[in-house]
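**Student:** Sequence and predicted structure are below.
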Amino acid sequence: MSDTLTNAEFAILSLLAEAPRHGYEIERTIEERGMRDWTEIGFSSIYFLLKKLEKRGLAERTGGKTASPREPKTFRLTQAGHALHGERTRRAIAEPERLYPALLLGLANWPVLGSEGGGAALAARAAALDDAASLVEERCAAQAPLPAFVEAIFDYSLTMIAAERAWLDRARNTLEGTMEKIDFRKHLKTLYNPPADRFEIVDVPPLTYFMIDGSGDPNTAPAYAEAVETLYAASYTLKFMSKAVQSRDYVVPPLEGLWWAEDMTSFVTRQKEKWSWTMMIMIPDFLDRATVERAMEAAAKKKALPALGRLRVEQLEGGKSVQIMHVGPYDAEGPVLKRLHEEFLPANGLAERGRHHEIYLGDPRKTAPDKLKTVLRQPVRER
């Protein structure tokens with residue numbers, strides 16, 4: 001016998017577990033308790049469901065075959081019905097149910113409605129949610145005082161409505177364009193858009209980052225790919241948490257890297273197997289440490305991330321630096337770095353301080369190598 005039950009079958013099974021009932025008693029109980037607010041049972045389907053449960057050996061008629069045809073058909077659970085009811089109750093509480101609401105399909109087709117039509121649909125949904133909350137509150141008050149488990153049912157319904165209502169407010173801000181989305185490449189333009197034809201000196205403020213250390217050729221070392229995957233997983237989790245908790249949205253900042261080697265000439269000669277690196281993504285300063293740590297925990301629960309144990313949060317002091325925009329393949333950086341270290345720094349009385357810093361403004365998977373933009377930055381000090 002299959003141990004699966006639809007939610008409607010489970011609801012009928014639950015009422016029979018309390019006491020034997022006939023169809024009209026089940027209907028009356030459903031109405032009195034407001035069960036249709038949280039279950040899907042039509043009046044015409046009650047006897048259909050009872051017959052299904054009877055056929056499966058989960059319910060039986062109390063009068064057996066000798067019952068009068070004129071008497072209401074009263075049903076009770078069989079031993080198998082009680083056993084399945086207990087197991088189904090345990091699973092319903094213990095196992096989160098994956099839902100596929102039509103709302104998600106509607107959002108996937110948002111362009112069909114446009115901003116005006118979509119906004120009207122969201123406003124209608126907001127009003128419907130408010131009405132639903134009022135109805136649940138009325139039914140809860142009408143049945144007071146309630147047993148603790150029944151009170152938990154109403155509280156769950158109201159909590160879910162409130163959660164969707166809060167999400168809806170954020171979605172309207174985003175979809176209707178009223179929530180500002182911060183783009184740090186524009187907000188911190190001097191750090192992300194240096195000239196491409198000359199070196200410039202900038203003062204970089206202290207910034208906080210997700211960071212992961214490693215070594216080896218970034219094109220072939222598994223540790224590098226794992227680090228980048230983990231950084232983006234944590235950063236996007238934090239972005240969505242910021243949007244949900246603080247109603248502040250932003251574009252995830254670009255990937256950055258600190259690079260060094262025992263022999264720094266390996267960067268000019270492109271001996272990548274000798275390189276060490278710290279890959280990192282900036283964390284907005286309006287997010288506190290507790291929120292960042294919650295995002296790291298949430299990212300870990302979503303997916304197994306091999307580099308998660310190496311992920312840390314750290315502030316980079318910045319300070320006086322020299323930078324330039326490199327346009328072209330990463331492997332063409334060598335001559336630019338040679339000019340920086342052998343010509344510009346000595347000519348300006350400057351010396352290296354700290355590790356070579358790069359900011360990747362292009363996606364090498366989507367952008368032609370000759371169009372890639374990379375900020376090359378070197379912290380410096382006076383000689």
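**Tutor:** Yep, that arrived. Numbering: from 1, shown residues only.

**Student:** okay, CA-based contacts and neighbour counts for the rest of this
**Tutor:** OK.

**Student:** Mind listing the strands whatever helix or strand residue 351 lives in pairs with, and their directions?
**Tutor:** Using DSSP states H and E, residue 351 falls within strand 350-352. When pairing is defined by DSSP bridges, strand 350-352 lines up against strand 373-382 (antiparallel).

**Student:** Can you mark which positions in the partner strand are buried?
**Tutor:** By neighbour count on 16 or more other CA atoms under 10 Å, the buried set for strand 373-382 is 373-380.

**Student:** ok, now stretch 45-57?
**Tutor:** 46-47, 49-51, 53-54.

**Student:** same check, this time on stretch 268-279
**Tutor:** So, applying 16+ other CA under 10 Å, buried residues of stretch 268-279: 268, 270, 272, 274-279.

**Student:** The residues you listed: which two are farthest apart?
**Tutor:** Within the buried residues of stretch 268-279, 268 and 279 form the most distant pair, 19.7 Å apart (CA to CA).

**Student:** contacting residues for residue 211?
**Tutor:** Listed by CA atoms under 8 Å, 6 or more residues apart in numbering, the contact set of residue 211 reads 231, 278-281, 311-314.

**Student:** Do a quick rundown of the helices in the chain.
**Tutor:** Under the criterion DSSP state H, the chain contains helices at 7-18, 23-33, 46-55, 79-94, 102-108, 110-142, 148-175, 184-187, 189-192, 222-246, 265-269, 289-302, 334-339, 345-347.

**Student:** Among the ones you listed, which comes closest to residue 328?
**Tutor:** helix 334-339 (11.1 Å).

**Student:** how far out from the middle of the chain is the closest one?
**Tutor:** 41 Å (CA atoms, centre = their mean, to the nearest Å).

**Student:** Give me the spatial nearest neighbour of the spatially most central residue of the chain, chain neighbours excluded.
**Tutor:** Central residue of the chain (CA atoms, centre = their mean): residue 237, 5.3 Å from the mean position. The spatial neighbour of residue 237 that comes closest, neighbours along the chain excluded (CA to CA, 6 or more residues apart in numbering), is residue 295 at 5.6 Å.

**Student:** circling back: where among the helices of the chain is the average confidence lowest?
**Tutor:** Lowest mean pLDDT within those: helix 265-269, at a mean of 73.

**Student:** For it, which helices and strands make contact with it?
**Tutor:** Under the contact criterion of 3 or more CA pairs under 8 Å, 6 or more residues apart in numbering; DSSP states H and E, helix 265-269 touches helix 334-339.
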